[in-house]
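Asker: here's a sequence, model it:
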Amino acid sequence: MTTNSNEHSANDNSQLSSEIDALLLSRLKGPMLEFVRTQTHALHTKLAEAQGKLHRTQQELIETKQKLLERERKYRELRNKSLAYRQQVQEWYDVVASTPLSPRPQ
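Answerer: As a prediction, the model looks like this:
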């Protein structure tokens, strides 16, 4: 009940605000009306530019995240290869270390 009441109140407030804006605009004449229209257009233009910039930034963020995930995948792959190589070298070292030296033929 409270949520419905709050939504109804918010709708009433929004409608009232729109009516007040319309009334104020209807009373504006000549240069003042043109000034308000110019400022409104400028604000809408700035808003559109900001939304465009936000969209581009979001796209760049998505691309950067994809690149980061790819680099992390490559890093893990190289790390695993490095660990496998180290293990192989250690095994060869152990074999060489455990093989007795044979006397040199003269």
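Asker: which residues sit in contact with the most centrally placed residue in the chain?
Answerer: The centroid of the chain falls nearest to residue 61 when counting by C-alpha atoms, centre = their mean (3.9 Å). Contacts for residue 61 were tallied using C-beta atoms under 8 Å, 6 or more residues apart in numbering; there are none. Quick note: C-beta positions are derived from backbone N, CA and C, even for glycine.
Asker: what helix or strand is it on?
Answerer: Using DSSP states H and E, residue 61 sits in helix 30-98.
Asker: gap between that helix and the chain center?
Answerer: 8 Å (C-alpha atoms, centre = their mean, to the nearest Å).
Asker: coming back round to it: tell me the predicted confidence for the residue nearest to the centre of the chain.
Answerer: Residue 61 carries a pLDDT score of 97 in this model.
Asker: same thing with residue 13?
Answerer: With respect to pLDDT, residue 13 scores 70.
Asker: try the one 10 residues further on
Answerer: For residue 23, the pLDDT comes out at 73.
Asker: any idea how many residues pack against it?
Answerer: Neighbour count for residue 23, taken as other C-beta atoms under 10 Å: 9.
Asker: now it: which helix or strand?
Answerer: Going by DSSP H and E, residue 23 is part of helix 2-27.
Asker: distance of residue 69 relative to residue 78?
Answerer: Distance, residue 69 to residue 78, by C-beta to C-beta, to the nearest Å: 15 Å.
Asker: buried set for stretch 64-74?
Answerer: Along stretch 64-74, no position meets the burial threshold by neighbour count (16 or more other C-beta atoms under 10 Å).
Asker: so where's the protein shaky on pLDDT?
Answerer: Filtered on pLDDT under 70, the chain yields the residue ranges 1-11, 104-106.
Asker: against residue 47, how distant is residue 34?
Answerer: Distance, residue 34 to residue 47, by C-beta to C-beta: 20 Å.
Asker: oh sorry, the question was meant for residue 55
Answerer: According to C-beta to C-beta, residue 55 stands 13 Å off from residue 47.
Asker: kindly report the same for residue 93.
Answerer: Residue 93 sits 68 Å away from residue 47, going by C-beta to C-beta.
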